[in-house]
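coords please:
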Amino acid sequence: MGNARGFAFYSIVMLALANKPDFPTMNFYKANRDSLALDSRYLLASAYFLAGDKSSYRSLLPKAFDGEKAVNSFSGSFYSYVRDEAIALSALMDVEPENPQIGIMTKHLSEQLKNSRYLNTQENGMALVALGKIAKRAAASDAKAIISIGGKKIADFTGADVVVTQDIAGKQVSIASSGTGTLYYFWDTEGLSADGSFPQEDSFLQVRRTFLTRSGQPLNPENIMQNDLVVVKISLASTNKASVDNVVITDMLPAGLEIENPRVGAVAELAWIKDNHEPDHLDIRDDRINFFTRAEGTVRHYYYLARAVSKGTFRLGPVSADAMYNGEYHSYNGAGLVRVSERVTATQ
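Numbering: from 1, shown residues only. As a prediction, the model looks like this:
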């Protein structure tokens, strides 16, 4: 049956809104839910809600609008990622306007509209329908809030956006709301935790790090000899096969390693590397290397050389990939330990 999508599901919702639910069609697709595109699952779930079957609604509704990204279609139903999210958001507003997904979907959709150079009629129309429902609901809201950090009031929310960036680390942030309506808040964090723990997750992006010997063999990071050259391989791809621009890969080096050469193409003994990609820009620091690049549906690899300079056991931070203009697109993976042992020289 393929990946089912299109206005067939929109018509199912319209029939349910008119109190004429098409249960045979709804039940058929419910039994074949794995074949449904992401937006279609939102629409089918909403149709069941409108028909009074909230149990089916809960079982069909995706946990978040992610995991796949439509490539624009220039015929048929003219589906696209923008249009699909707008349709899903519109349907969700019709049946459960208090759903916690609505805030992030609204933020995401508005960012896409702002950053897109061109939108077709389907995208503009469905986005306006969805955001119009959001605006209508917001117009009736008189929600206010007091934002406090460490018990001290630092800002008031009275309707306009409030952005807080200073003096937050290690302190409790509280939001005391009043009035009626809905209040949305979002936060972004960065850095390494004191105990080395981190969320290992892939959200639209997937980045992985591999340690290799100078001959290209896998290298156990807990079994490195002092003065060894270590080839670090970074692999990046988008999980939904889409192209994602302005991605920064950050690889934090443990204290026992130093960057030897960030451009392996100039090293003759590494001629076995055939799949190296050149990033758009490199940023090399004492404790990390940053690759500024683009993620594609196919895996792209980046290499650099590091040298083990100090013996000991060192904490290894995760390698990360973040879309600089959309924090939802990220990947964090591979924290652990690096052990550098003293090389023992045989004596006669």
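
contacting residues for the residue nearest to residue 64 when sequence neighbours are not counted?
Nearest non-adjacent residue to residue 64, counting by C-beta to C-beta, 6 or more residues apart in numbering: residue 101, 6.3 Å away. No exception for glycine: its C-beta is placed from N, CA and C like everyone else's. Counting by C-beta atoms under 8 Å, 6 or more residues apart in numbering, residue 101 touches 64, 65, 92.

just the pLDDT for the first one.
At residue 64 the predicted local confidence, pLDDT, stands at 88.

all strands for the stretch 51-200 of the chain, in order.
Using DSSP state E, counting those that start in this stretch, the strands of the stretch 51-200 of the chain run over 144-149, 152-157, 173-178.

which elements pack onto the second one?
With contacts defined as 3 or more C-beta pairs under 8 Å, 6 or more residues apart in numbering; DSSP states H and E, the secondary structure elements packing on strand 152-157 are strand 144-149.

between strand 152-157 and the strand it packs on, find me the angle.
150 degrees (axes from the mean of the first three to the mean of the last three C-alpha atoms, to 10 degrees).

tell me which residues in strand 144-149 are buried?
Residues of strand 144-149 classed as buried: 145, 147, 148, 149 (neighbour count, 16 or more other C-beta atoms under 10 Å).

how about low-confidence regions in the stretch 151-300 of the chain?
189-197, 265-266, 268 (pLDDT under 70).

give me that answer again for 50
By pLDDT under 50, the stretch 151-300 of the chain has no low-scoring segment.

re earlier: closest one to residue 52 among the strands of the stretch 51-200 of the chain?
strand 173-178 (31.9 Å; C-beta to C-beta).

ok, and what's touching the closest one?
Under C-beta under 8 Å, 6+ apart, the answer for strand 173-178 is 143, 144, 145, 146, 147, 148, 149, 151, 157, 164, 183, 185.

out of the buried residues of strand 144-149, the closest to residue 28 would be?
residue 145 (45.8 Å).

ok, now which ones touch the closest one?
Contacts for residue 145 (C-beta under 8 Å, 6+ apart) come out as 156, 157, 175, 176, 177, 178, 183.

who's the closest spatial neighbour of it, skipping the chain neighbours?
Leaving out its chain neighbours, the residue that sits closest to residue 145 by C-beta to C-beta, 6+ apart is residue 157, at 4.0 Å.

from residue 97, how far out is that neighbour?
Distance, residue 157 to residue 97, by C-beta to C-beta, to the nearest Å: 20 Å.

export the contacts of strand 173-178 to a markdown table and tack on distance to residue 247?
Output for those, formatted as a markdown table (distance: C-beta to C-beta, whole Å):
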| residue | distance to residue 247 |
| --- | --- |
| 143 | 35 |
| 144 | 38 |
| 145 | 34 |
| 146 | 37 |
| 147 | 31 |
| 148 | 35 |
| 149 | 31 |
| 151 | 38 |
| 157 | 32 |
| 164 | 26 |
| 183 | 32 |
| 185 | 26 |
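
quick one: which two of these are the most distant?
That would be 143 and 151, which, of these, are the farthest apart (C-beta to C-beta) at 22.4 Å.

now residue 337, what's its secondary structure?
Under DSSP: H, G, I helix; E, B strand; the rest coil, residue 337 falls in the strand class.

any idea of the pLDDT on it?
For residue 337, the predicted pLDDT is 91.

wouldn't it be in contact with residue 315 here?
Yes. Between residue 337 and residue 315 there is a contact under C-beta atoms under 8 Å: 6.4 Å.

now for the two: what residues contact both?
residue 254.
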